[in-house]
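Asker: Pasting the sequence and the predicted model now:
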Amino acid sequence: MDALIQVLIIGLANGLIFALVALGYTLVYGIIELINFAHGDVFMLGSMLAYFLIAPTSAGAWGIFPITADTPLPLKIGQILIVLAICMVTMATLNATIERVAYRPLRNAPKLAPLISAIGMSYVLQNIGLVWGGAYQRTIDSVFPSTNLLEPLGITTIAVTPAQVFVGAVTIPLLIARARPVWRSCCTTTTRSTSSGSGSASIRSPPRSWAASGTCRARCSVR
């Protein structure tokens with residue numbers, strides 16, 4: 001039973017990250033009915049940007065906000081939040097640019113055309129990553145200690161690490177903040193009418209292109 005609970009905890013921590021990716025796919029497909037193959041590649045570039053900001057210069061990174069396990073907790077939290085904000089803004093801008101350059105000109109084209117464009121953009125982003133970071137694995141020491149937070153409670157057979165708690169503390173609010181406006185705010189009418197087609201979207205405001213571009217920015221900013 002302990003092993004099952006431990007696997008569930010690990011799966012939940014990893015699944016929250018996958019849920020962010022899935023939310024992005026769902027939002028974009030619901031708006032413009034496009035399977036954005038470049039979605040995961042933008043996620044990759046965001047991870048690489050975070051690495052270059054956090055990793056020390058000895059690892060070949062920029063070392064602007066170097067974080068190690070020995071960094072004081074208040075400073076560590078502040079630096080992580082700053083890096084998250086930088087990555088969110090940068091990737092949202094990148095994805096909005098991709099939507100305007102690669103997808104918007106094909107809005108009224110046959111569905112195969114934007115699909116091919118998405119695949120092509122995926123290859124472009126992959127090669128940007130290869131040129132930027134190289135074709136080898138980059139690693140960084142965990143910025144969180146590997147202590148078991150349940151050990152003070154006398155539970156040693158099940159482990160919950162600070163990294164897993166941090167993932168939940170960051171990801172769950174982002175999921176709620178990104179999913180709630182889709183169903184319970186003034187954006188709901190635009191989102192649903194745009195998904196229904198240009199006919200119903202044309203009688204509502206804002207326009208279809210704004211909704212699609214805004215969704216691309218928002219779904220990428222929650223990475």
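Answerer: Arrived safely, thanks for sending. Numbering: from 1, shown residues only.

Asker: Give me the buried positions along the longest helix anywhere in the chain.
Answerer: Longest helix of the chain, by residue count under DSSP state H: helix 2-32. Within helix 2-32, the residues scored as buried using 16 or more other CB atoms under 10 Å are 9, 13, 16, 19-20, 23-25, 27-28, 31-32. Where C-beta positions appear, they are placed from N, C-alpha and C, glycine not excepted.

Asker: Please name the residues that touch the residue sitting furthest away from the middle of the chain.
Answerer: If you look at how far each residue of the chain sits from its centre, by CA atoms, centre = their mean, the farthest one is Gly154, at 35.7 Å. Residues in contact with Gly154 (CB atoms under 8 Å, 6 or more residues apart in numbering): none are found.

Asker: Distance check, it against Gln6.
Answerer: 16 Å (CB to CB, to the nearest Å).

Asker: Equivalent analysis for Phe43, please.
Answerer: Using CB to CB, Phe43 is found at 27 Å from Gln6.

Asker: what do you get for Pro173?
Answerer: For Pro173, the distance to Gln6 - CB to CB - is 25 Å.

Asker: Can you give me every residue that contacts Ala19?
Answerer: By CB under 8 Å, 6+ apart, Ala19 lies in contact with 171, 175.

Asker: And the pLDDT at it?
Answerer: Confidence at Ala19, expressed as pLDDT, is 88.

Asker: next one: Gly197
Answerer: 54.
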